[in-house]
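*Asks:* take a look and give me a structure for this.
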Amino acid sequence: MIGFAAGCLLGWLAPAFAVKTEFLRDIFLNLIKSLIAPLIFSSVVAGIAGGGGAKTVGRLGLKALVYFEAATTLALAVGLLVVNLLGPGRGVVIAQAAGAAGALPAAHPPGLAETLVHAFPSSVVASMASGDVLPTVVFAVIFGLAVVAAGEKAAPVVSLCSSVASVMFKFTDLIMRFAPVGVGAAIAVTVGRQGPGMLSHLAILVGTLYLALIVFVALLFLFAGIVLKLPMRGFWKAVRAPFTLAFATASSESAMPRAMESMIELGVPPRIVGFVIPTGYSFNLDGSTLYLAVASVFVAQAAETSGAAHFGIGQQVLLMLTLMVTSKGVAAVPRASLVILIAALHSFGLPAEGVAVILGVDALMDMARTSVNVLGNCLASVVVAKWEGEFPAKAAPLPE
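*Replies:* As a prediction, the model looks like this:
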């Protein structure tokens, strides 16, 4: 926030000098791009192989995954609806250096057939080197299934991928220590070039995300309370502590122990809590998924204002499907969704510089999306317990 405020002042009071700080923004974006391939590959492989494969997941896992995908699809639908109705990116101009990676596309975005062919790489090394996330994910999924099929012989591979994923999360954390400088430079360049009026667009973007998250949570609560007849008042009392912790720290991982404890106190069997909530941290990122929908369409709207081709609903749906896969496993790291967003924008020919515009207010959005991630995973454990017939008709009283 200090970097954001300093950048706003610099762009307003000394716009000529502010534009010259663009290299700091570019360094920060390049650092994020550098970790995309190893982070996504190792996370996807470790997640698939570490889960033991579909056959070992069983009935409980199938029910959890069905709910996860239904919830994330609802999050995508709400995000797309709200961002297209409010149009926070319309009128935003994205300035780019000549020849910069992720430049505004001259042609229309690729169609469905082209995207499907492109998803299966002839060289995964080339895809990783170019930061192309979709082929990397497809290769990682197939590789992860092959690791599961290989059994014990592939145990070192699972251990290696898990270690690489842990290292890359720490790498992300180190890069995010440079975030105040990157944020300050990004907003300074934006305000320096476009004037203080740009801040109103960012305020609309934040408001759009919060509104979409409120609508999404309200729909979830209506479904759980009316259709499943779950005790939503008791659930909210149980979840408010981990929800608040996640909002304050912008890290789902920091709230996980308290979330699991609260759900057990609410009456969810420990075996269901121990399976559903940790699995949900990879497969049920409702808040992050909704954020990615809003942020990516915001960049697409800004790109169109800047002269790019129209990014229609069909292309938006394809982008959302990509984000549903690539966003798995990033909940533990604050602002790691930026990595996924940049990678997806690059794959669809949208300017990565659009993320630099968002950087200034990303901390405010990260707090909201992370807390909704935690709330969604807690509710998932209750829904699965109810589905299994193992949730008490009356929730146990919670200690004050």
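
*Asks:* point out where the stretch 201-350 of the chain drops to low pLDDT.
*Replies:* Scanning the stretch 201-350 of the chain for pLDDT under 70 picks out 248-251, 253-254, 282, 326-336.

*Asks:* can you give me the helices in it?
*Replies:* Counting by DSSP state H, counting those that start in this stretch, the stretch 201-350 of the chain has helices at residues 232-249, 252-266, 270-283, 286-305, 313-326, 337-347.

*Asks:* list the buried residues of the first one.
*Replies:* The neighbour-count check on helix 232-249 (16 or more other C-beta atoms under 10 Å) flags 232, 234, 235, 237, 238, 239, 242, 243, 245, 246, 247, 249 as buried. C-beta coordinates here come from the backbone N, C-alpha and C atoms, glycine included.

*Asks:* cool, the fourth one as well?
*Replies:* Residues of helix 286-305 classed as buried under the neighbour-count rule (16+ other C-beta under 10 Å) are 286-304.

*Asks:* may I have that helix as CSV, with CA atoms only?
*Replies:* C-alpha atoms of helix 286-305 as CSV (Å, rounded to 0.1, in the frame of the first residue of the first chain):
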residue,chain,number,x,y,z
ASP,A,286,-13.5,-20.5,-5.6
GLY,A,287,-12.3,-17.0,-4.8
SER,A,288,-9.1,-17.3,-6.9
THR,A,289,-11.1,-18.6,-9.8
LEU,A,290,-13.5,-15.8,-9.7
TYR,A,291,-10.7,-13.3,-9.4
LEU,A,292,-9.0,-14.7,-12.4
ALA,A,293,-12.2,-14.4,-14.4
VAL,A,294,-12.6,-10.7,-13.4
ALA,A,295,-8.9,-9.8,-13.8
SER,A,296,-8.4,-11.5,-17.2
VAL,A,297,-11.6,-10.0,-18.8
PHE,A,298,-10.5,-6.6,-17.3
VAL,A,299,-7.2,-6.9,-19.2
ALA,A,300,-9.1,-8.1,-22.4
GLN,A,301,-11.4,-5.0,-22.2
ALA,A,302,-8.4,-2.7,-21.7
ALA,A,303,-6.6,-4.4,-24.6
GLU,A,304,-9.6,-3.8,-26.8
THR,A,305,-9.6,-0.1,-25.8
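
*Asks:* quick one: distance of that helix to the chain centre.
*Replies:* The chain centre lies 11 Å from the centre of helix 286-305; the measure is C-alpha atoms, centre = their mean, to the nearest Å.

*Asks:* and the angle from that helix to helix 313-326?
*Replies:* 140 degrees (axes from the mean of the first three to the mean of the last three C-alpha atoms, to 10 degrees).

*Asks:* what angle do helix 286-305 and helix 232-249 make?
*Replies:* Between the axes of helix 286-305 and helix 232-249, defined by the same axes, to 10 degrees, the angle is 60 degrees.

*Asks:* what does the third one give?
*Replies:* For helix 270-283 against helix 232-249, the angle between stretch directions is 50 degrees (the same axes, to 10 degrees).

*Asks:* could I have helix 270-283 exported to PDB, CA atoms only?
*Replies:* Below are the C-alpha coordinates for helix 270-283, written out as PDB (Å, rounded to 0.1, in the frame of the first residue of the first chain):
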ATOM      1  CA  PRO A 270     -12.400 -35.700  11.100                       C
ATOM      2  CA  ARG A 271     -11.700 -38.200   8.200                       C
ATOM      3  CA  ILE A 272     -13.900 -36.000   5.900                       C
ATOM      4  CA  VAL A 273     -12.300 -32.800   7.100                       C
ATOM      5  CA  GLY A 274      -8.800 -34.300   6.700                       C
ATOM      6  CA  PHE A 275      -9.500 -35.200   3.100                       C
ATOM      7  CA  VAL A 276     -11.800 -32.500   1.700                       C
ATOM      8  CA  ILE A 277     -10.100 -29.300   3.000                       C
ATOM      9  CA  PRO A 278      -6.500 -30.100   2.000                       C
ATOM     10  CA  THR A 279      -7.700 -31.400  -1.300                       C
ATOM     11  CA  GLY A 280      -9.800 -28.300  -1.800                       C
ATOM     12  CA  TYR A 281      -6.700 -26.200  -1.500                       C
ATOM     13  CA  SER A 282      -5.700 -27.600  -4.900                       C
ATOM     14  CA  PHE A 283      -9.100 -28.100  -6.500                       C
END
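
*Asks:* for residue 321, grab the count of nearby residues.
*Replies:* Residues within reach of residue 321, counting by other C-beta atoms under 10 Å, total 14.

*Asks:* separation between it and residue 309?
*Replies:* Distance, residue 321 to residue 309, by C-beta to C-beta, to the nearest Å: 20 Å.

*Asks:* as a markdown table, the buried residues of helix 232-249 with distance to residue 174 would be great.
*Replies:* A markdown table is the format used below for the buried residues of helix 232-249 (distance: C-beta to C-beta, whole Å):
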| residue | distance to residue 174 |
| --- | --- |
| 232 | 40 |
| 234 | 41 |
| 235 | 37 |
| 237 | 38 |
| 238 | 35 |
| 239 | 32 |
| 242 | 26 |
| 243 | 28 |
| 245 | 23 |
| 246 | 22 |
| 247 | 24 |
| 249 | 18 |
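
*Asks:* pLDDT score for residue 103?
*Replies:* You'll see residue 103 listed with a pLDDT of 39.

*Asks:* so residue 267 sits against residue 386, correct?
*Replies:* No - Residue 267 is not in contact with residue 386 according to C-beta atoms under 8 Å; the separation is 10.2 Å.

*Asks:* between these two, which is the more surrounded one?
*Replies:* residue 267 (20 against 16).

*Asks:* so where does the spatially closest residue to the more buried one that is not a sequence neighbour fall, helix or strand?
*Replies:* With sequence-adjacent residues excluded and distances taken as C-beta to C-beta, 6 or more residues apart in numbering, residue 267 is closest to residue 392, at 4.4 Å. Counting by DSSP states H and E, no helix or strand carries residue 392.
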